[in-house]
Structures are given as C-alpha cells and as structure tokens.
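A.B. asks: Starting from these lines, generate the structure:
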Amino acid sequence: MTPDPSPPVVPDGDGSGEDAPAILRRQSLRESAARTYARALPIVPVRARGLTIEGADGRRYLDCLSGAGALALGHNHPVVLEAIRAVLDSGAPLQILDLATPVKDAFTNELFATLPPELAAHARVQFCGPAGTDAVEAALKLVRTATGRDGLLAFSGAYHGMTAGALAASGGAPAVSVTRLPFPYDYRCPFGVGGERGAELAARWTERQLDDPKGGAGAPAGMILEPVQGEGGVIPAPDGWLRRMRQITAARGIPLIADEVQTGVGRTGSFWAVGHSGVVPDVMVLSKAIGGSLPLAVVVYREELDAWRPGAHAGTFRGNQLAMAAGAATLAYVRENGLAQRAAVVGERMLTRLRALAAQWPHIGDVRGRGLMIGLELVDPAEPGPGPERGTVARPAAPLLAAAVQRECLRRGLIVELGGRHSAVIRLLPPLTITDEQAEAVLDRLAEALDAAIRALGDGAAHELPPSAPPVTGDRR
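C.D. replies: Now for the predicted structure:
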C-alpha cells in the first residue's frame with residue numbers, strides 16, 4: 001500500500017495567520033444558523049493531504065472526520081488528483097446530465113465490479129442528485145413505484161438524510177407515516193437484555209409487527225436500514241439480525257434497502273458493509289466515498305424493480321464527470337490495494353487499545369465499531385443506570401463531557417465527530433490510508449483529551465444537556 005504522503009507547507013499569502021479570525025467572523029455573520037461542523041471546529045483549512053489538514057494559522061490537525069466519511073483515501077490522494085486532472089486536460093465535458101460518456105462507463109464498470117455478485121449480475125443503476133439524501137429519496141420513490149405500496153419500515157436511531165422523505169425515515173422524525181422498528185443496540189438494548197438475545201427479540205418484534213393485521217405497519221413498500229448506524233452512535237447491526245431482516249422481507253415481498261452512504265467503500269472492513277453478513281439487499285444507496293471526495297450519489301437495485309418511466313426521477317447534476325473519474329479511481333485503489341482488509345486490521349487494533357482505555361475510565365460506557373468506523377459512548381459514572389444490560393449498568397449519556405473531549409481533541413490537533421442519541425458518542429472516521437503510526441498518534445491525542453476533559457469538567461454535570469443548543473453532530477448529507 002502506498003504510504004500516506006505528508007502535507008505540503010502552506011505558503012505565505014494564502015489565507016494564513018491573521019486572516020483566519022476575520023474569515024471566521026465573516027462566516028458567522030453571513031452563513032445560515034444551520035451550519036454544523038463550523039461551530040464545533042472553528043478552524044480555516046487551507047491545505048490538506050491524507051490524514052492531515054493545515055489551518056490558516058499554520059497548525060496541523062489529524063482529521064478523523066474525513067468529510068463525514070466521504071474521503072476514503074484522505075485528502076487529495078495522488079490517484080484522485082491524477083484522475084481529475086486527466087478529465088480536465090482531455091477537454092471532456094464536466095457536466096452532461098445523464099448522457100453516456102467514457103468516464104461514466106468506466107465508473108459504472110468499476111462500481112459493478114465491487115458489488116455483491118448476486119446483485120451485480122442483474123442490477124440497474126440510477127444516477128441521482130449529488131448528495132446521499134437524494135439517493136435515499138430516489139430509493140424510496142423506486143420501491144413505492146415498483147410495489148404500488150406507500151408504507152415504509154425504518155429503525156430507531158436511523159439517519160438517512162435531511163430532505164423530507166429521508167428525514168421522515170430517520171430516527172428523530174417527530175411525526176411521520178413510517179413504522180418504526182427496534183434496532184439492536186447492545187449497550188442500551190430496548191429490551192434490557194443486549195447481546196444475541198436482544199437482537200433476536202428485535203427480529204421477533206419486527207416479524208410479529210408485520211404479521212399482525214392490527215399492528216399498524218400497513219402495506220410497506222420497503223424496509224431501509226444502515227448496516228452500521230453512524231449518526232445513531234456507531235452501532236453495528238449484528239450479522240444474524242441482518243440475515244433475519246433479509247429473510248423476513250424476502251418472505252413477504254418487501255424490498256430491502258441498504259443505506260451504505262457512510263459504510264461503503266471499505267469503511268467497515270468489507271467493501272460494502274452488507275458483506276459481513278452475506279446479505280444481498282434489493283436496493284443499495286451509495287454516496288460519499290464513491291465520488292472520491294466529490295459529490296456523487298447512486299442507487300443500485302435489482303432489475304425487477306426498474307418500473308420507472310423515462311424522466312420519473314431526474315436531476316441536473318447527475319452527470320458530474322469529475323466525481324465519476326475521482327470515484328472510479330478511488331474504488332479501484334481501495335479494491336486493488338486491499339484497503340477494506342487493512343481497515344479491518346487497523347480498526348480492530350484501535351478498538352483493542354480503546355477498550356483498554358475504557359477499563360481505566362468508567363466515563364467510557366461502551367467502545368464499539370467495525371473497521372475504521374469507531375465510537376466511544378461517554379457516560380456519567382456518578383449516576384445510576386436504569387438496569388442491567390450486558391451484565392453491566394448502562395449509565396446516563398454524558399453530552400457535556402463529549403463536547404469537552406471534542407474541544408480538547410481540537411486543542412491537541414485532532415478532529416473528531418460526535419453522534420448518538422444525546423451527542424455523547426465520540427466518532428472516529430479516519431481515512432483507510434491511515435498508517436500504524438498515525439493511528440497511534442490519534443489514540444494518544446484522544447487519550448490526553450479525555451483525561452483533560454474529565455479532570456476539567458468533573459462528574460457533577462457531565463450528563464446534562466447544555467442550557468442552550470446541544471453539541472452539533474451529524475453527517476449532514
């Protein structure tokens with residue numbers, strides 16, 4: 001594997017030094033109150049390479065946010081830059097609606113080469129608007145058109161995007177016509193038992209809800225799920241439970257939609273996260289890393305579902321040639337260099353060290369993840385939990401502590417994300433090109449930040465929500 005190159009030095013006169021505070025002030029004055037990452041990460045990036053970002057003030061940061069998982073190869077990887085330059089130098093059109101081009105054909109060929117073979121053999125691909133939420137909307141429209149039904153099955157803790165249909169399928173939707181089903185959450189099991197027993201009860205609940213004529217599920221057009229819930233707090237779906245969902249939906253003619261927007265392209269240690277369980281969904285929603293850092297989103301689905309008429313789903317920017325070139329280069333690089341397998345090895349090594357850290361700090365309630373999609377759930381050890389789960393006590397979440405850890409990480413040159421029900425989960429999404437030395441540096445800084453935050457905040461109010469706005473989280477598709 002090609003080592004992650006070091007970032008170049010920022011030259012003078014390129015937004016450096018004293019310009020940064022002014023830029024941040026103008027952003028605060030001009031941009032919407034809906035801005036997210038900019039609130040928790042008040043930096044002005046001017047150069048980036050691999051894992052490293054350099055700010056306008058000259059400071060360097062290890063980036064474990066990776067564009068909310070969009071940067072599988074990190075920032076400005078040479079193969080991505082080369083692919084983009086090749087298109088620019090060729091004189092090819094940069095945006096061409098849904099017309100066929102050599103660049104698009106190469107991307108589609110590479111994409112199909114990575115899909116589960118059973119799906120790829122009889123699949124269709126729909127190029128959507130440029131964001132993952134656009135692909136979710138397309139998937140929901142697709143299954144409703146194909147089945148003639150309108151209902152939807154989704155799960156607690158889910159996050160599928162910020163447009164109307166995708167948001168309605170997400171766990172935080174206030175009032176929707178979506179049947180919400182329990183997602184297995186080992187640490188905070190909805191049935192209070194956790195482990196395989198908790199996953200089995202969740203599957204039984206789903207099955208009985210669908211078969212109960214008065215269960216309220218109606219006639220679902222599809223079931224949508226994340227193989228690992230990201231925004232929900234980095235919660236991997238148990239493989240056995242995923243297989244049960246496949247069996248349950250297949251037996252009832254319900255299309256199964258796998259949202260692989262953040263879990264795809266090697267992130268979890270398998271090229272697509274459904275590969276861990278061997279499940280072949282009817283529909284896959286793909287975005288983020290498939291564009292090689294540029295906007296691109298597609299839906300891949302079984303040809304039997306292709307019931308759309310021409311123009312039934314469209315979008316001006318579905319012909320992004322630069323993103324397709326960058327995406328094809330990224331997919332090929334991950335596949336040819338075994339980066340999914342590498343993510344599994346490095347991720348397990350990081351999880352092992354984090355679990356050792358959790359043994360030292362009772363403020364770490366749970367350490368979990370898959371591959372290089374890792375989460376630490378922070379809790380208040382001074383407060384009693386609601387009951388026994390996994391042989392322990394699931395204590396109250398500590399969002400103030402998590403926000404303090406995020407700030408301390410930034411002071412130490414480490415960028416991390418927050419997630420989970422109460423924004424109390426520290427999320428790590430480093431690029432798949434992270435080296436062993438960089439992984440150790442990330443964990444060293446995180447351990448120091450955790451120690452500093454615990455000592456500064458103390459145990460008293462670690463679990464309380466802030467009086468104004470909660471910590472900002474979300475992959476914000």
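
A.B. asks: what's next to stretch 157-167, contact-wise?
C.D. replies: By CB atoms under 8 Å, 6 or more residues apart in numbering, the residues outside stretch 157-167 that reach it are 131-134, 136-137, 140-141, 154, 169-173, 183, 185, 224-226, 229-233, 235, 259, 261, 421, 474-477. For every residue, glycine as well, the C-beta is placed using N, CA and C.

A.B. asks: Which among the residues you listed count as buried?
C.D. replies: Buried subset of these (neighbour count, 16 or more other CB atoms under 10 Å): 131-134, 136-137, 140-141, 154, 169-171, 173, 183, 185, 224-226, 229-233, 235, 259, 261, 421, 474-477.

A.B. asks: List the ones among these that fall in strands.
C.D. replies: Judged by DSSP state E, the buried ones among the contacts of stretch 157-167 include 154, 224-225, 229, 235, 259 as members of strands.

A.B. asks: okay, now the residue nearest to T147 when sequence neighbours are not counted: neighbour count?
C.D. replies: Distance criterion CB to CB, 6 or more residues apart in numbering; nearest residue to T147, sequence neighbours excluded, is A221 at 4.7 Å. As a burial measure, A221 scores 22 neighbours (other CB atoms under 10 Å).

A.B. asks: My understanding was that A221 contacts L152; is that so?
C.D. replies: Yes. Between A221 and L152 a contact is recorded at 6.3 Å, counting by CB atoms under 8 Å.

A.B. asks: what touches both of those two?
C.D. replies: Common neighbours of A221 and L152 (CB under 8 Å, 6+ apart) are L140.

A.B. asks: now the helices: where do they sit in the stretch 101-250 of the chain?
C.D. replies: 102-114, 117-120, 132-147, 164-168, 195-211, 239-251 (DSSP state H, counting those that start in this stretch).

A.B. asks: show me where pLDDT drops low in the stretch 251-400 of the chain?
C.D. replies: Across the stretch 251-400 of the chain, residues meeting the criterion (pLDDT under 70) sit at 384-393.

A.B. asks: Would you list the phi and psi of L88?
C.D. replies: phi -60, psi -40 (degrees, to the nearest 10).

A.B. asks: and it, what does it touch?
C.D. replies: L322.

A.B. asks: follow-up on the earlier one: next, format the ones in strands among the buried ones among the contacts of stretch 157-167 as TSV and append distance to A113.
C.D. replies: What follows is these, written out as TSV (distance: CB to CB, whole Å):
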residue	distance to A113
A154	30
I224	25
L225	25
Q229	28
I235	30
D259	21
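
A.B. asks: which of the residues you listed lies closest to V279?
C.D. replies: Nearest to V279 among those is L225, at 9.9 Å by CB to CB.

A.B. asks: which residue packs closest to that closest one, ignoring adjacent ones?
C.D. replies: Using CB to CB, 6+ apart, the closest residue to L225 is F155 (5.6 Å).

A.B. asks: Now do the contacts for the one you found.
C.D. replies: Here F155 is in contact with 171, 180-183, 225-226, 229 (CB under 8 Å, 6+ apart).

A.B. asks: Looking at these, which gets the smallest pLDDT?
C.D. replies: On pLDDT alone, G171 ranks lowest of the contacts of F155, at 76.

A.B. asks: Look up phi and psi at that residue.
C.D. replies: Taking degrees, to the nearest 10, you get phi -70, psi -30 for the backbone angles of G171.

A.B. asks: dump the residue contacts of it.
C.D. replies: 154-159, 180, 232.

A.B. asks: how about a cut-off of 10 Å?
C.D. replies: If you count contacts by CB atoms under 10 Å, 6 or more residues apart in numbering, G171 has them with 154-160, 180, 183, 229, 231-232, 421.

A.B. asks: Show me which of those is closest to R427.
C.D. replies: Proximity of the contacts of G171 to R427 (CB to CB) peaks at E231, which lies at 8.8 Å.

A.B. asks: Run a quick check on that closest one versus L429, I expect a contact.
C.D. replies: No. The criterion here is CB atoms under 10 Å, and E231 misses it with L429 at 11.5 Å.

A.B. asks: Can you show me the helices along the stretch 251-400 of the chain?
C.D. replies: Secondary structure of the stretch 251-400 of the chain (DSSP H, counting those that start in this stretch): helices at 321-336, 339-360, 399-411.

A.B. asks: is it possible to export those to TSV including distance to Q209?
C.D. replies: Shown next, in TSV, are the helices of the stretch 251-400 of the chain (distance: least, CB to CB, whole Å):
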stretch	distance to Q209
helix 321-336	37
helix 339-360	33
helix 399-411	31
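
A.B. asks: Ok, which of those helices comes nearest A121?
C.D. replies: Taking these one by one with CB to CB, helix 321-336 is closest: 17.9 Å.

A.B. asks: buried set for the closest one?
C.D. replies: Buried, per 16+ other CB under 10 Å, within helix 321-336: 321-335.

A.B. asks: from these, which is closest to A273?
C.D. replies: Closest to A273, out of all of the buried residues of helix 321-336 and judged by CB to CB, is V334, at 13.6 Å.

A.B. asks: wouldn't the closest one be in contact with A72 here?
C.D. replies: Yes. Between V334 and A72 there is a contact at 6.0 Å, judged by CB under 10 Å.

A.B. asks: Give the residues shared as contacts by those two.
C.D. replies: The contact sets of V334 and A72 overlap at 264-267, 289, 340, 343, 432-433 (CB under 10 Å, 6+ apart).

A.B. asks: Centroid-nearest residue for the chain?
C.D. replies: Centroid-nearest residue in the chain: Q262, 3.1 Å away (criterion: CA atoms, centre = their mean).

A.B. asks: Enumerate every residue touching it.
C.D. replies: By CB under 10 Å, 6+ apart, the contact list for Q262 reads 68-70, 132, 159, 226-231, 268, 273, 287-289, 373, 429, 475, 477.
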